[in-house]
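> Dropping a prediction and its sequence here:
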Protein chains: 2
Amino acid sequence: MMIKNILGTNDYIEFLRGKSVTFMLALSNTKTADIKDITQAGIPGKIYLTPTLDSEFLTCGKVRSLENIAQTPKGVPTPALITRATHLLKPFSNIELLNLGLEVLPKVDYFKIHDFNLAPSEDISLNANIDTMDVFKRGLDFGQEYECKDDYIILAESVPSGTTTAAATALALGYECKEFFSSSFKNVPDDIRNKTIEKALENIDERDDIFTRLSKVSDNMLIFIAGFILGLNNQTKFILAGGTQMACALLIVNSILKQMQGHLETSNLALCTTKWVYEDEKSDIKALLELNDLKINAYYADFDFSLSEHPALKLYDEGEAKEGVGAGTALTYALLNGISKEELTKKIESLLG
Amino acid sequence: MMIKNILGTNDYIEFLRGKSVTFMLALSNTKTADIKDITQAGIPGKIYLTPTLDSEFLTCGKVRSLENIAQTPKGVPTPALITRATHLLKPFSNIELLNLGLEVLPKVDYFKIHDFNLAPSEDISLNANIDTMDVFKRGLDFGQEYECKDDYIILAESVPSGTTTAAATALALGYECKEFFSSSFKNVPDDIRNKTIEKALENIDERDDIFTRLSKVSDNMLIFIAGFILGLNNQTKFILAGGTQMACALLIVNSILKQMQGHLETSNLALCTTKWVYEDEKSDIKALLELNDLKINAYYADFDFSLSEHPALKLYDEGEAKEGVGAGTALTYALLNGISKEELTKKIESLLG
């Protein structure tokens, strides 16, 4: 079996074999990513372009807002390659983009871009200054109103520096999880990340309510998705396509529900990520999910680049990049639909030129 | 990238990855095809059977109205092979046939045959004598009333001698395009085709309006499709699956719109053909499309038989056959949906027995 359980049984994911999917990509910028060396998810000085380029490449196979596809300084190509390769081998029925505060709009036609009229959020080390209620409400409304034409939804993200804001968010909400968060670095730049997170947490006043805390240290994507999950209310099968960031969105949902003494059915909700996240020694996706009172099925795609000789791809196996643009769920989707590890490897290699 | 742009960007075609399609095959006979040696799209003396046989083979994998599948005298098999191979590897959701004046009805059950009560049109060198308004109106009504159950429509054709009637049509409408039309010959029999076209144009009186001109020199398929395009009115994604004939149908639409001072949105309209048409030195599909005031996206499938050793298929690469039965769009559809050039080549070879 190429799809492995993190939590729960495999029935949920087995049910999705052969089903049609709408793939949503949530795109957002936080100015936290402008802090020097805090993330390698993109080109230094142009990190803010990463979600724009990822969405162009995923939908149309080309980056249009820059000459070359986003690579980290060490040459790790964006996980959008993995998701695009999947889409080429076994197309998603539908791709939709969510603009949750982009600096630069992707240059694509025909593909639906849901625009929520949000600006990029500020640097959390200062104060992210997010209108949490507004962002949350937009997610909630979207979830309540969205009519899925397919059997399920995959929700992925591209938010540079998103693991930092996610860690700050979970900590600000009081979860004991400092060591459970991954970043896209192999040698986690603890100094910069930790300093940023610490500075962010210093802005929290212990009397701050949940929404005020989120306003200071979170990002639009996390807050929106928490609203989206609550708005969907288990009516549609919904896979959170990511690692620790998606786990954090679930913790936000958990905190809100607890405060409101609310309840949410989660039988149709799952999280699915990569092996690189699951096996990461610097983070613990399982522990993060277990902090949650909500029980959800969680999986990872048992895929690596052991069949490839390409040096840029081997960096994934060395932990230089782990997840993003729904790579783990895309791999799962491909494997669920009869695509082999060999085919995936070849197709991903072919995209590197 | 195996799908290349002729005009426009690749967003339209990328959007169709993973989408479901209704494949329509427009079938018609014009007695122009009875002129000796004017076309090699079929068996000499039985050219009129080609659309009937093509539709039987596409839908059911067998020719029923004759012993063998239509081959040209040099042994080039019908492009229906390519479309059928695609359908076997990645089935169209739905195939429907349009009877636009067949000599012989295809012997198929279950598949929808839309019958428009049209007779084959006459030889254009004499006078095609088409009731243009009637044919056009049937296309228009069909477009207005048709409810597509899939995400998009591919409209293909099988009309022997159709490139000759298309060239005559575009010239009769005043377009400067004598050199832009392909035929299914490598050594274009200019004498016969040109004489036929010249004789057809001699029947045109300069005071003739558009519909009268079409009546004299066109064919049912071209006129019907022009009506169909206007009737659909951009409400459904619609790919004209062919080369110069489909470009001519668009020129008819253009002329009608100009005369009526009408406007048509074309964002959902595209044309898609083969590499053999695109690279044909005796015709110019791009120039033909650029004669049109309507802007549409146009593509070709970057597929040839370089992976095959089969002599009958190598004739395609040598320019002996180029398009028909939607071969170019079928290849595009296959490539869009994860089928490789290798798989396509093998499947097409297997159909040759």
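Looks like it came in fine. Residues are numbered from 1 along each chain as shown, chains lettered A, B, ... in the order given.
> where along chain A do the strands fall?
For chain A, the strands defined by DSSP state E occupy A:3-7, A:21-27, A:94-99, A:112-115, A:152-158, A:237-241, A:269-274, A:297-301.
> could you dump the second one to PDB, C-alpha only?
To tie it back to what came earlier, the one meant is strand A:21-27. C-alpha atoms of strand A:21-27 as PDB (Å, rounded to 0.1, in the frame of the first residue of the first chain):
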ATOM      1  CA  VAL A  21     -12.000  16.000  -7.300                       C
ATOM      2  CA  THR A  22     -12.000  19.800  -7.200                       C
ATOM      3  CA  PHE A  23      -8.500  20.900  -6.300                       C
ATOM      4  CA  MET A  24      -8.400  24.300  -4.600                       C
ATOM      5  CA  LEU A  25      -5.300  26.200  -4.000                       C
ATOM      6  CA  ALA A  26      -5.300  28.800  -1.300                       C
ATOM      7  CA  LEU A  27      -2.800  31.600  -2.000                       C
END
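> ok, the residue in the stretch 51-200 of chain A that chain B sits nearest to - how many residues close by?
Proximity of the stretch 51-200 of chain A to chain B (CB to the nearest CB) peaks at A:Pro91, 2.9 Å away. C-beta: built from backbone N, CA, C; applies to glycine. Using other CB atoms under 10 Å in any protein chain shown, A:Pro91 is surrounded by 21 other residues.
> do A:Leu66 as well
16.
> My understanding was that it contacts A:Tyr48; is that so?
No: when contacts are counted by CB atoms under 8 Å, A:Leu66 is not listed as touching A:Tyr48 (10.9 Å).
> picking that back up, can you tell which of the strands of chain A is closest to B:Val108?
Closest approach to B:Val108 among those (CB to CB): strand A:94-99, 32.4 Å.
> which helices and strands does that closest one pack with?
Strand A:94-99 sits against strand A:21-27, helix A:50-60, strand A:112-115, with contacts defined as 3 or more CB pairs under 8 Å, 6 or more residues apart in numbering or on different chains; DSSP states H and E.
> out of the ones you listed, nearest to B:Met246?
Going by CB to CB, the one of those nearest B:Met246 is helix A:50-60, 24.2 Å.
> how far away is the spatially closest residue to A:Ile229 that is not a sequence neighbour from chain B?
In this structure, A:Ile229 finds its nearest non-sequential neighbour in A:Val253, 5.2 Å apart by CB to CB, 6 or more residues apart in numbering or on different chains. As for A:Val253, its distance to chain B is 30 Å (criterion: CB to the nearest CB, to the nearest Å).
> buried stuff in stretch A:35-49?
A:35, A:38-43, A:47-49 (16 or more other CB atoms under 10 Å in any protein chain shown).
> could you dump those to a markdown table with pLDDT?
Listed next are these as a markdown table, based on pLDDT from 0 to 100:
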| residue | pLDDT |
| --- | --- |
| A:Ile35 | 93 |
| A:Ile38 | 88 |
| A:Thr39 | 85 |
| A:Gln40 | 81 |
| A:Ala41 | 81 |
| A:Gly42 | 83 |
| A:Ile43 | 84 |
| A:Ile47 | 92 |
| A:Tyr48 | 95 |
| A:Leu49 | 94 |
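> What's opposite A:Ser158 in the beta bridge?
Listed beta-bridge partners, A:Ser158: A:Leu27 (assigned using DSSP bridges).
> Tell me, how many residues neighbour it?
Residues lying near A:Ser158 (other CB under 10 Å) number 31.
> The residue of the stretch 51-200 of chain A closest to chain B: what's its closest spatial neighbour, skipping adjacent residues?
Nearest one to A:Pro91, counting by CB to CB, 6+ apart, is B:Gly18 at 2.9 Å.
> what sits against the one you found?
A:87, A:90-94, B:336-337 (CB atoms under 8 Å, 6 or more residues apart in numbering or on different chains).
> ok so, going back, using CSV, please lay out the buried residues of stretch A:35-49 together with distance to chain B.
Shown next, in CSV, are the buried residues of stretch A:35-49 (distance: CB to the nearest CB, whole Å):
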residue, distance to chain B
A:Ile35, 34
A:Ile38, 33
A:Thr39, 28
A:Gln40, 28
A:Ala41, 24
A:Gly42, 23
A:Ile43, 23
A:Ile47, 26
A:Tyr48, 23
A:Leu49, 19
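> In helices, which of the residues you listed fall?
With helices defined by DSSP state H, no entry of these lies inside them.
> So, low pLDDT: which residues of the stretch 101-250 of chain A?
A:182-190 (pLDDT under 70).
> all helices of it, in order?
For the stretch 101-250 of chain A, the helices defined by DSSP state H, counting those that start in this stretch cover A:132-145, A:162-172, A:190-202, A:210-217, A:220-232, A:244-260.
> which one of these lies closest to B:Ile13?
helix A:132-145 (28.3 Å).
> on that earlier part again, can I get the helices and strands packed on strand A:94-99 in a markdown table with distance to B:Asn117 and mean neighbour count?
Compiled in a markdown table, these are given as follows (distance: least, CB to CB, whole Å; neighbours: other CB atoms under 10 Å in any protein chain shown):
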| stretch | distance to B:Asn117 | mean neighbour count |
| --- | --- | --- |
| strand A:21-27 | 42 | 26 |
| helix A:50-60 | 44 | 28 |
| strand A:112-115 | 41 | 14 |
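> Apply the buried test to the contacts of B:Gly18 and list what passes.
Counted by 16+ other CB under 10 Å, the contacts of B:Gly18 give A:87, A:90-94, B:336-337 as buried.
> between those, which is nearest A:Gly242?
Distances from A:Gly242 to those, taken as CB to CB, are shortest for A:Phe92 (16.1 Å).
> Since that was my last question, I'll sign off now.
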